[in-house]
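S.K.: Sequence and predicted model, in that order:
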Amino acid sequence: MKKGKKLYEGKAKIIYASSDKNLVIQYFKDDATAFNNQKKSTIEGKGVLNNRISEYILSNLSQIGIKNHLVKRLNMREQLIKLVEIIPIEFVVRNVATGSLTKRLGIEDGTILKEPLIEYCLKDDDLGDPLIAEDHIYAFDWASKKEIEKVKKMILRINDFMIGMFRGVGIKLIDFKLEFGRIKINGKNEVILADEISPDTCRLWDSVTEKKLDKDRFRKDLGDLIPAYTEVAKRLGILHEQSNVTAVNVTKLSSIKKKNK
Ligand code: TMP
Ligand code: ASP
């Protein structure tokens, strides 16, 4: 698949055109940002791990009938994805209260929620992705009621699946963020899952120790982000390399292999 011109650059990914007008290439950068870009860094190997973890989760979701944008992973940093029109809402799904929810409402950190809580944020960096009510979505035509009903059903299935998947490898799925996009499939308008699902967009705690295995390691200056993401990948059975191989080494190994070809 030939890579075309850059179409869009976000904080953690770049989208390039491909030789097929309905498909684009999603490139995972090593850049990490938090608090709406106020905190920035480059963490070597992060993009490689997120590419693999997101591919794994999205292809598993596809197998349970959750339509999503992933066509295939192309290489260490790129995926071929379907071009969609992104709905300008970040859908945050919470199973345990932490992060902005606890700060905003004074809820005790770690409170287990009776049922999954869905929050909506407007996807607008200049405004700092503000929290909005569902009615704002309809008032300003950001999505239709039909689309949101479909998205909510998908979110609950995605959450159930991901809770089970992570529980099986000793990880608690605390919360995560999803994005959806519009696409025409066989002449029919559909809403499908888009973007990425990775430790950048989820909160993942070790089931026993509650050690954070996600981007909170960067947000809270806890360090060891790559070992944590590598741990998630290994537990999911994605990385089969020896136990001490980090993502950075994986990157280096792949370039050595390429040179030897
Ligand atoms: P929050 O507690 O900071 O609102 O985050 C809730 C979840 O959403 C957490 O898993 C991190 C994820 N998230 C993103 O993926 N991108 C974002 O821009 C924000 C604010 C949160
Ligand atoms: N992704 C957001 C940012 O770059 C916020 C976050 O993930 O904490 O600022």
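M.R.: Alright, I've got the coordinates. Ligands and ions are numbered 1, 2, ... in the order given.
S.K.: and the residue nearest to C202 when sequence neighbours are not counted, how many neighbours does it have?
M.R.: Spatial nearest neighbour of C202, excluding adjacent residues (C-beta to C-beta, 6 or more residues apart in numbering): F176 at 3.9 Å. Bear in mind the C-beta positions are built from the backbone N, C-alpha and C, glycine included. By other C-beta atoms under 10 Å, the residues close to F176 number 24.
S.K.: pretty sure F176 is touching T201, no?
M.R.: Yes: the criterion here is C-beta atoms under 8 Å, and F176 meets it with T201 at 5.8 Å.
S.K.: picking up where we left off before, quick check: phi and psi on the residue nearest to C202?
M.R.: phi -160, psi 170 (degrees, to the nearest 10).
S.K.: quick one, what contacts it?
M.R.: Counting by C-beta atoms under 8 Å, 6 or more residues apart in numbering, F176 makes contact with 92-93, 162, 197, 201-203.
S.K.: where's the residue most central in space within the chain relative to ligand 2, distance?
M.R.: Centroid check for the chain by C-alpha atoms, centre = their mean gives I197 as the closest residue, at 2.4 Å. Distance of I197 to ligand 2, given as C-beta to the nearest ligand atom, to the nearest Å: 13 Å.
S.K.: per-residue confidence for the spatially closest residue to F91 that is not a sequence neighbour?
M.R.: Of all residues not flanking F91 in the chain, L178 sits nearest, at 4.6 Å (C-beta to C-beta, 6+ apart). Note on L178: pLDDT of 98.
S.K.: I figured K145 was touching Y138, is that so?
M.R.: Yes: judged on C-beta under 8 Å, K145 makes contact with Y138 at a distance of 6.2 Å.
S.K.: so what's the residue nearest to F91 up against?
M.R.: By C-beta under 8 Å, 6+ apart, the residues touching L178 are 90-91, 93, 155, 158, 193, 195, 197, 201.
S.K.: Return the subset of these lying in helices.
M.R.: Using DSSP state H, the members of those that fall within helices are 155, 158.
S.K.: Looking at K145 and Y138, which one has more neighbours?
M.R.: Neighbour count, other C-beta under 10 Å: between K145 and Y138, Y138 has more, with 13 against 10.
S.K.: that's a strand at the more buried one, yeah?
M.R.: No: Y138: not assigned to a strand; according to DSSP: H, G, I helix; E, B strand; the rest coil it is helix.
S.K.: measure it to ligand 1 for me?
M.R.: Taken as C-beta to the nearest ligand atom, the span from Y138 to ligand 1 is 22 Å.
S.K.: Pull up the per-residue confidence for that residue.
M.R.: Value for Y138, per-residue pLDDT: 98.
S.K.: can you tell me which residues contact it?
M.R.: If you count contacts by C-beta under 8 Å, 6+ apart, Y138 has them with 144-145.
S.K.: and the stretch 101-250 of the chain, which residues reach ligand 2?
M.R.: Counting by C-beta under 6 Å from any ligand atom, the residues of the stretch 101-250 of the chain close to ligand 2 are 215, 219.
S.K.: Would you map the helices across the stretch 101-250 of the chain?
M.R.: In the stretch 101-250 of the chain, the segments counted as helices under DSSP state H, counting those that start in this stretch are 134-139, 145-167, 216-219, 225-235, 247-260.
S.K.: quick one: which of those is nearest D31?
M.R.: Closest of the helices of the stretch 101-250 of the chain to D31 is helix 216-219, at 10.7 Å (criterion: C-beta to C-beta).
S.K.: quick one: buried residues of the closest one?
M.R.: For helix 216-219, burial by neighbour count (16 or more other C-beta atoms under 10 Å) applies to 216-218.
S.K.: what do you get for stretch 220-233?
M.R.: Applying 16+ other C-beta under 10 Å to stretch 220-233 flags 225-226, 228-233 as buried.
S.K.: how far out from the middle of the chain is that stretch?
M.R.: Relative to the centre of its chain, stretch 220-233 is centred 16 Å away, using C-alpha atoms, centre = their mean, to the nearest Å.
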